[in-house]
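[1] Take a look and give me a structure for this.
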Amino acid sequence: MPYTDCSIHRSNASCNTYSRNVLNANIHFLKDRVKYVLIYVAHAFDLRAASSILPVIHTEVGDRSYYILQQMKTPDVCTMSFTQNILTEDDREIVMAACTNYGNRAGARELRKIVQKPPGWFSTFLDVLRQTEHLDMVRELTGLESTEDHKDSICEGNVKPEAVKYEPDLKENKNDNDQSVRESDSCIDNGEESLNTSLDNSSCDTTRNESTDAYPANSLDPDLYSSGGESLNSSLLGLTLDESNQPIPDCAERDAAAGAGRETEILLWPYQKEVARPALEGKNIIICLPTGSGKTRVAVYITKEHLESCRQEKRPGKVVVLVNKVPLVEQHYTKEFGKYLKGQYRVEKVSGDSQLKISFPEIVKKNDIIICTAQILENFLEKAEKSRDEGVTLSDFSMAVIDECHHTQKGNVYSLIMFRYLKQKIQNEKLVKEQNAPVPLPQILGLTASPGVGEAKTVDKAEEHILQICANLDAFRIMTSSLGEHRKEPYKRIATAAERKEDPFGDVIKGIMNAIHTHANLDPSCDLGTQNYEHWVVQKEKNAAKEENQKVRVCAAHLRQYNEALHQSNTIRMSDACSFLEKFYNEELEKKTAPDEVSVQITDTDRFLFQLFKDNQAKLQELAKHPEYENKILAELRRLILQEFTAREEASGIVFTKTRLSAIALSQWIQENRKFEEVGVRAGHLIGGGDQSIVKPMTPKEQKEVLAKFRTGEINLLIATTVAEEGLDYKQCNLVIRYCLVTNEIAMIQARGRGRAEDSSYTVLQVEGSGVAERETVNEFREKMMGKAIEKIQKLDQAEYERKKREFQFQTILEKKVRKKKKQQKLMQKLDPGDVSFSCRNCSKSVCSGKDIEIIGTMHHVNVSEEFRDLFTVRKNPTLQERQLDFEANSAIACKDCGSTWGSMMLYRGIDCPCLHIKHFTVKLGDRQRVFHNWREVAVSFPAFDYAEHAHLVAGDSDSDD
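    From the prediction side, this is the model:
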């Protein structure tokens with residue numbers, strides 16, 4: 001009587017079609033060891049459906065299975081499974097955490113959830129059991145007395161078992177057991193494919209397309225080992241997820257959490273539980289743990305415990321999670337807070353990139369956890385001061401999680417939010433003294449990998465810097481951990497490339513720059529191509545604009561471009577530097593031509609500069625074709641990347657570089673080089689979203705797409721600016737390179753922390769004599785100084801710590817009051833708009849008076865006068881078109897005389913409004929000429945834009961046209 005198909009269907013509907021009598025009749029064909037196999041698999045793989053149809057088996061052998069699980073050395077099995085590639089590193093950490101916190105059985109259940117299932121995994125797993133001396137378990141799983149016969153009895157899983165129907169004879173004598181046992185062994189051998197197939201489906205599917213007659217009473221369901229992510233009924237097995245006897249959620253409960261992650265249990269390592277302890281007691285803390293050590297996971301756990309406590313105590317509970325970058329909103333929602341908590345709480349994400357239909361105050365009211373950028377919260381805290389209904393207050397929240405909290409310093413939006421907190425805290429103390437109820441304030445949880453040391457040069461000053469951050473966050477303690485065995489430090493090295501012996505390409509550029517110096521009577525006091533020269537030439541340009549010296553101003557603008565090209569030739573390819581200059585001059589030529597093909601004013605200086613570049617362009621192009629003249633550091637970068645990707649089976653890394661231009665150029669260089677392709681390098685670039693650069697920024701959507709490709713492996717080498725150093729979550733990298741880039745100790749710690757994979761490396765790449773290695777050494781010293789300062793703070797007596805913290809808090813409040821008073825005095829001294837005039841920064845042409853300027857919102861300064869419209873031309877601006885700003889701004893406006901850009905043409909509620917960018921103008925304030933970078937610096941009160949008046953005028957013009 002064949003009995004090969006021994007799977008059990010997990011659908012409740014199908015289970016109801018099976019006759020319990022038939023199942024009980026089939027049971028007697030199974031030898032005792034096979035029964036043990038079934039119950040072991042049920043325990044280890046949480047087969048919920050099996051719980052309703054295996055009571056007989058459980059009664060007979062439940063105690064034996066319980067013993068097996070208790071005796072299993074799960075940590076050893078976990079480690080060996082990892083070495084055999086049926087368990088990932090992240091999964092290994094989850095299993096080990098379960099073992100540490102909840103015991104071996106919990107670890108075994110985590111093991112079944114996440115074990116890899118390639119063909120042959122079951123055989124590999126049995127080998128793991130044998131190597132870890134679990135021979136009894138191997139015998140239970142295989143039905144063999146001798147483990148030596150194991151290899152021959154196991155089907156490799158790539159051969160699909162055939163279902164053989166069996167019509168039972170209910171009167172069959174039990175002596176026929178021998179026949180069935182021989183065939184049941186075959187069933188177990190084929191079980192690997194059944195496990196492999198069914199466990200891939202992690203959904204809680206309880207329906208089937210087939211009718212209930214698909215599996216007649218005379219056959220068994222072909223999914224005996226199928227779990228589908230389900231769990232055995234706890235009343236049947238007497239097992240729970242943890243020692244608190246909390247039942248495992250059933251399929252209905254999991255399905256109720258639509259869109260949420262199924263992993264609702266949050267497991268923490270002991271060091272994570274230790275740093276979380278004060279927060280679980282309701283205290284404000286800062287958690288300072290290295291990058292990749294699970295700070296955010298701890299925050300999720302604390303949030304969950306906080307909200308549960310609020311529910312139990314029947315008090316309002318609402319958590320706001322604040323981040324400083326838009327991509328972090330989506331990351332925290334998808335990978336952390338939404339994944340673990342959305343099934344139990346209402347979680348929502350909000351950022352400037354969100355497309356929500358309701359207001360932020362409504363989102364706050366309707367949700368338990370709100371993840372948003374700090375600026376959004378600050379905007380609505382400010383609105384609440386004018387109208388409570390239009391904004392939110394800190395008392396609307398019971399907890400605030402502040403990511404990258406080391407930014408809570410002067411001028412940062414985090415500090416603005418926390419200043420409101422501290423101000424209310426002081427007022428609450430007065431209310432309590434007056435025996436009045438204080439205003440509720442949220443519990444504060446700060447997260448950081450490094451608070452830094454600021455400008456400190458001694459441990460005492462570093463201590464003051466960190467105490468200031470603690471005071472700003474009103475932290476009870478700053479919590480750290482050494483991580484012990486969990487600490488991962490990449491291998492660090494400094495690679496040095498020799499200086500170029502000859503640089504004919506750079507010599508040509510320097511020759512052009514010296515010719516411009518002679519033409520404009522300029523005498524630089526620093527080396528060309530350096531940061532000092534950049535500062536010098538920027539100041540020259542500003543002074544020339546104030547003095548209306550067009551010749552020097554234009555020459556200085558061109559010198560900045562040549563200095564940038566010189567820097568590029570020293571870090572990326574000569575051809576990239578050449579293309580950069582060609583692009584600049586093509587754009588300058590376009591500016592000199594109006595849309596109607598009428599040439600604008602071209603000065604003698606313009607002609608000189610255009611001709612100078614044209615005379616040298618061919619020479620630069622020719623030199624760029626000679627690889628022997630390329631910088632040596634590019635060759636060193638090539639060697640490092642090829643070495644890492646050749647030596648590793650699966651390499652993944654990040655190269656940090658200084659500028660957006662170099663990130664894009666390096667990415668293109670790698671993509672175009674066949675050697676990189678041969679070793680499997682797939683490069684992509686990631687740059688920032690601000691518009692303060694000559695390179696078009698990345699939109700949040702573009703950043704998100706690149707990060708998604710990097711996580712999935714479609715990109716395995718990311719070339720990024722410093723925007724990628726902090727906060728963003730990546731897969732584990734085994735290669736981190738800082739390419740000619742050194743900033744401060746915080747950036748160093750953040751970048752180094754990206755190398756979290758086993759056997760990872762962190763490399764600082766420099767040119768000989770550049771000073772990069774020396775600055776890196778200084779950062780290492782500052783990091784040690786930071787560690788000593790934190791240790792000193794932690795050793796302070798609590799009363800002394802509170803005294804110092806309070807001093808810093810009062811100092812912050814007093815400084816804020818002084819600044820506010822000065823600002824008010826400055827506002828009182830603001831000039832009348834009529835006393836201000838604007839001129840073109842390039843050609844010094846008079847443009848308009850301050851009386852013509854109006855403000856839309858709080859930032860858009862427009863001039864809609866007819867006189868102004870006669871002074872500019874309109875041309876397309878691809879950058880504005882592609883960026884899709886909040887308002888429609890598809891065109892740029894430029895001076896009719898010199899072609900210099902003045903701003904953008906803004907379509908505001910049907911009205912064309914020329915929007916002026918202050919950086920393109922020289923501003924005359926009384927008797928003084930000034931240049932400004934943004935409108936906030938201008939001490940003038942401009943009137944608000946009167947939409948009704950201008951709309952009436954536009955409508956009148958339309959009627960007259962008709």
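
[2] what does the domain assignment say about this protein?
    As given by the TED database, the domain ranges for the chain are 62-142, 278-486, 491-498+631-792, 504-628, 836-956.

[3] Which one, of these, ends up nearest to residue 798?
    Among the domains of the chain, domain 278-486 comes nearest to residue 798, with 8.4 Å by C-beta to C-beta. For every residue, glycine as well, the C-beta is placed using N, CA and C.

[4] lowest-confidence helix or strand of this protein?
    Using mean pLDDT, DSSP states H and E, helix 234-237 stands out as the lowest-scoring helix or strand of the chain, at a mean of 29.

[5] on that earlier part again, ok, which of the domains of the chain comes nearest residue 808?
    domain 278-486 (3.5 Å).

[6] Quick check: mean pLDDT of the lengthiest helix in the chain?
    If you go by DSSP state H, the chain has its longest helix at helix 798-828. Across helix 798-828, pLDDT averages out at 84.

[7] what's the following helix or strand after that helix?
    Sequence-wise, the next helix or strand downstream of helix 798-828 (DSSP states H and E) is strand 836-840.

[8] hey, where'd the strands end up in the stretch 751-900 of the chain?
    761-767, 836-840, 846-849, 854-856, 860-862, 872-876, 888-895 (DSSP state E, counting those that start in this stretch).

[9] can you list the residues that contact the first one?
    Taking contacts as C-beta atoms under 8 Å, 6 or more residues apart in numbering, the residues outside strand 761-767 that touch it are 490-499, 570, 631-633, 636-637, 640, 644, 734-740, 742, 751-752, 755, 772-773, 776.

[10] Do I have it right that residue 106 meets residue 97?
    No - contact criterion C-beta atoms under 8 Å: residue 106 and residue 97 do not qualify, at 9.4 Å.

[11] Take the contacts of strand 761-767 and keep only those in helices.
    Per DSSP H, the contacts of strand 761-767 map to helices at 570, 632, 633, 636, 637, 640, 644, 751, 752, 772, 773, 776.

[12] and of the residues you listed, the nearest to residue 297?
    Using C-beta to C-beta, residue 752 comes nearest to residue 297 of the ones in helices among the contacts of strand 761-767, at 20.4 Å.

[13] Tell me the pLDDT of the closest one.
    65.

[14] again, but for residue 280
    Reported pLDDT at residue 280 in the predicted model: 95.

[15] Residue 868 too?
    Residue 868 is given a pLDDT of 91.

[16] again with the one 3 residues further on
    For residue 871, the model assigns a pLDDT of 90.

[17] what's around it, how many residues?
    Residue 871 has 19 neighbours, counted by other C-beta atoms under 10 Å.

[18] And residue 510, by the same measure?
    Count around residue 510 with other C-beta under 10 Å applied: 17.

[19] now the nearest residue to it once chain neighbours are set aside, what's its secondary structure?
    Nearest residue to residue 510, sequence neighbours excluded (C-beta to C-beta, 6 or more residues apart in numbering): residue 528, at 5.3 Å. Following DSSP: H, G, I helix; E, B strand; the rest coil, residue 528 is assigned to coil.

[20] Pull up the gap between residue 528 and residue 567, please.
    Plainly put, residue 528 is 10 Å away from residue 567 if you go by C-beta to C-beta, to the nearest Å.

[21] So those two - more neighbours on which side?
    Neighbour comparison, residue 528 and residue 567: the larger count goes to residue 567, with 23 against 18 (by other C-beta under 10 Å).

[22] List the single closest residue to the more buried one in space, sequence neighbours excluded.
    Spatial nearest neighbour of residue 567, excluding adjacent residues (C-beta to C-beta, 6+ apart): residue 529 at 5.7 Å.

[23] Quick one: residues contacting the one you found.
    Residue 529 sits next to 506, 510, 563, 566, 567, 570 when contact means C-beta under 8 Å, 6+ apart.
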